[in-house]
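> Show me the folded form of this:
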Amino acid sequence: MSVYFVKPAGMPGPIKIGYAAHFGDRFRKLQAGSPIPLEAMRVVDGTAQTELALHRKFAAHRLHGEWFAPCADLLAFIAEPAEIELTGNLAENTHAGLIRSIGIAEFAALLGIPYSHANTMVTRNSIPVDFWPGLIAALKPLGTEISMETLFATRKSERAAA
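This is a model prediction of the structure:
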């Protein structure tokens, strides 16, 4: 299993951060779907959780989906990958902040819900209670510890502020 960094050949970016069980097969599929030649910048051992952590780490440079601007931090990471920090917290102390810190697409994937539902949760600044146990369970392997109490307290403070 691999995490890979791919970009258009001869160009600085954009850079795709992806995950594949078999990189060679995945690269051939990416190339077949691309109107321009692609090149692999680096391939490292990793999991889907590693890919998610990288998407979170470089979220400020996301252009679209899994494609990122070739910023200095990302290029340095690709040149010599550091250990990926899989920790997090309830960003902005709101439900919307938590979703944004994970990334809306990644949040939707973690819970197995459509992107539009996750986006609605951001808009409403509320993660329905029914999703809390699944969210807690999905985040734990990523090193993000969140509790029912924290989600409840955040929900309570959001409602008091409204």
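> Is Phe75 located within a helix, as I assumed?
In this structure residue 75 is Leu, not Phe. Yes - using DSSP: H, G, I helix; E, B strand; the rest coil, the secondary structure at Leu75 is a helix.
> which stretches of the chain form strands?
Taking DSSP state E, the strands of the chain run over residues 2-8, 15-20, 38-45, 62-64, 67-68.
> now the first one against strand 15-20, angle please.
The one in question is strand 2-8. 150 degrees (axes from the mean of the first three to the mean of the last three Cα atoms, to 10 degrees).
> Paired strands for strand 2-8, with orientation please.
strand 15-20 (antiparallel), strand 38-45 (antiparallel) (DSSP bridges).
> In TSV, list these along with distance to Lys140 and mean pLDDT.
(C-beta placed from N, C-alpha, C; glycine too.) Converted to TSV, the strands paired with strand 2-8 look like this (distance: least, Cβ to Cβ, whole Å; pLDDT from 0 to 100):
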stretch	distance to Lys140	mean pLDDT
strand 15-20	19	93
strand 38-45	22	86
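> looking at the ones you listed, which is buried most?
Mean neighbour count (mean count of other Cβ atoms under 10 Å) peaks for strand 15-20 among the strands paired with strand 2-8, with a mean of 21.
> Quick one: distance of it to the chain centre.
Remark: strand 15-20 is offset 11 Å from the chain centroid, using Cα atoms, centre = their mean, to the nearest Å.
> just the CA coordinates of that strand, formatted as PDB?
This file holds the C-alpha atoms of strand 15-20, laid out as PDB (Å, rounded to 0.1, in the frame of the first residue of the first chain):
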ATOM      1  CA  ILE A  15       0.400  17.900  -7.100                       C
ATOM      2  CA  LYS A  16      -1.900  15.000  -6.500                       C
ATOM      3  CA  ILE A  17      -1.700  13.300  -3.100                       C
ATOM      4  CA  GLY A  18      -3.200   9.900  -3.400                       C
ATOM      5  CA  TYR A  19      -3.400   6.400  -2.000                       C
ATOM      6  CA  ALA A  20      -3.300   3.100  -3.800                       C
END
